[in-house]
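Enquirer: The following block contains a protein sequence and its predicted model.
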Amino acid sequence: MIDLRNKLGIIFGVANKRSIAWAAAQALAEAGARLALTYQNERLRENVEELAQSLAGSITMQCDVTRPEEVAQTFARVREEFGRLDFLIHSIAYAPREALEGEYLQTSREAFLTALEISAYSLTELARAAAPLMTDGGSIVTMTYYGAEKVVPHYNVMGVAKAALEASTRYLAAELGQRNIRVNAISAGPIQTLAARGIGNLTTMLKHHAERAPLRRNVEAREVAHTALFLCSALSSGITGEVIHVDCGYNIMAF
Ligand code: NAD
C-alpha cells in the first residue's frame, strides 16, 4: 500500500464528484495525505466545501487561474497552513464551447488564447508558485488527452492546448529535476465529466474508445486517480517528464 502520511498536497480542478481531481483527492487522502483543494469560483464553493468535509484536515480555497492575485493568495495560504508542499495536481482545462464544434480552422484568436491560457499556461504558473514550497522535492501531475498527439474530431483547439501542456511538462521537468521535483502528465481516456460534456461528440468518443481499446472498455476516474497516487509517491521516484497513458490501451492501436 502507498503511504502518504505526513505528505501535503494541493489539487486544482475539483468541480463536482465526477471530476478527475475529486477522484485523485479521494485516493490521495485515503493514502494519508493532507490536502488543499481549490475551486474556480463562488458558484462551485459550496459543492467543493461539502466534498472536502469527508477529507480529514483538508482546506479549500478559491483560485481562478486567470487571476494572478488569486493564485498568489492560494499559495500564501498554503504556506501559512502547511508550511511546505509535496505534490500538486493540475486538473484544469477550458475552451469556449463554440471552439469545440465545427472546424479548427475557424478558431478565433480569443478562443485560442483562452484555451491555451487556462489549459496549458496555468501549469507553468502553478509550478512556479509551488516549487519554492517543495523544499523536500515534490511531484507535479497534470491531465492530458490523446487529442494532443492525433487529430480527434471536435477536440480542436483543446488538442493544441494539450500539446502545449505536454511540452510544458517536459520543459518544467528538465528545469525542476535539479530540485528533485518531478513533473508528469497522465493521458486519460474519455470519462463523462463536466469538462468532457463540452466536447461535441462525447458519446461517440466513449463508444469508439470502448470498442477499440485493448481492454474493451472505458477507463474510470478511479483508475486515473490511482496513477496520480503512484506519481505522487516514492514508487515513481525515477519517472519525470513523461506522458503516461491511462486509457485501457487505446493509444497503442493503429485502427
Ligand atoms: P471537470 O469539469 O470536472 O474539471 C475541469 C476543471 O477545470 C473544473 O474544476 C473547472 O472549474 C476547472 N477550471 C476551468 N477553468 C478554470 C479556471 N479559469 N481556473 C481554475 N479552474 C478552472 O472535468 P475533468 O474531466 O475532471 O477535467 C480535468 C482535467 O482532465 C482536464 O485537464 C481535462 O482536459 C482532463 N482530461 C479529461 C478527460 C475526460 O474525458 N474527462 C480525458 C483526458 C483528460
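Expert: Received, thanks.
Enquirer: ok, residue 242 - contacts?
Expert: Counting by CB atoms under 8 Å, 6 or more residues apart in numbering, residue 242 touches 169, 184-185. All C-beta atoms are positioned from the backbone trio N, CA, C, and that covers glycine.
Enquirer: Which ones among those map onto helices?
Expert: Among those, the ones falling in helices (DSSP state H) are residue 169.
Enquirer: Can you flag the buried ones in the contacts of residue 242?
Expert: 169, 184-185 (16 or more other CB atoms under 10 Å).
Enquirer: mind putting these in TSV, distance to the ligand included?
Expert: Listed next are those as TSV, based on distance: CB to the nearest ligand atom, whole Å:
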residue	distance to the ligand
169	12
184	14
185	9
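Enquirer: May I see those residues organised as JSON lines, with pLDDT added?
Expert: Putting the buried ones among the contacts of residue 242 into JSON lines (pLDDT from 0 to 100) gives the following:
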{"residue": "169", "pLDDT": "99"}
{"residue": "184", "pLDDT": "99"}
{"residue": "185", "pLDDT": "99"}
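Enquirer: Show me which residues of the stretch 1-150 of the chain are close to the ligand?
Expert: 13-15, 19-21, 40, 64-66, 91-94, 118, 143-145 (CB under 6 Å from any ligand atom).
Enquirer: In PyMOL, how would I select the buried members of those residues?
Expert: Buried residues among those (16+ other CB under 10 Å), as a PyMOL selection:
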select buried, resi 13+14+15+19+20+21+40+64+65+91+92+93+94+118+143+144+145
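Enquirer: Which of the residues of the stretch 1-150 of the chain next to the ligand fall within strands?
Expert: When DSSP state E is applied, those are split such that 143-144 fall in strands.
Enquirer: Among the residues of the stretch 1-150 of the chain next to the ligand, which ones are in helices?
Expert: Among those, the ones falling in helices (DSSP H) are 20-21.
Enquirer: Next, the buried residues of the worst-scoring helix or strand of the chain on mean pLDDT.
Expert: The helix or strand of the chain with the lowest confidence, counting by mean pLDDT, DSSP states H and E, is helix 194-197 at a mean of 91. For helix 194-197, the neighbour count (16+ other CB under 10 Å) marks 195-196 as buried.
Enquirer: Stretch 33-44 too?
Expert: 33-40, 44.
Enquirer: with those in mind, which one is nearest to the ligand?
Expert: Of all the buried residues of stretch 33-44, residue 40 has the smallest distance to the ligand: 3.5 Å, by CB to the nearest ligand atom.
Enquirer: Look at the closest one and report its pLDDT.
Expert: Note on residue 40: pLDDT of 98.
Enquirer: Not counting residues beside it along the chain, what's closest to residue 237?
Expert: Take residue 237 and drop its neighbours on the chain: the residue closest to it by CB to CB, 6 or more residues apart in numbering is residue 182, 7.7 Å away.
Enquirer: Would you mind measuring from residue 70 to residue 242?
Expert: From residue 70 across to residue 242, the span is 30 Å (CB to CB, to the nearest Å).
Enquirer: Ok, residue 225 next?
Expert: With CB to CB as the criterion, residue 225 and residue 242 are 17 Å apart.
Enquirer: ok so, going back, I'd like the buried residues of stretch 33-44 written out as CSV, with distance to residue 201 and secondary structure added.
Expert: Shown next, in CSV, are the buried residues of stretch 33-44 (distance: CB to CB, whole Å; DSSP: H, G, I helix; E, B strand; the rest coil):
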residue, distance to residue 201, secondary structure
33, 36, coil
34, 40, strand
35, 34, strand
36, 35, strand
37, 31, strand
38, 30, strand
39, 28, strand
40, 25, coil
44, 26, helix
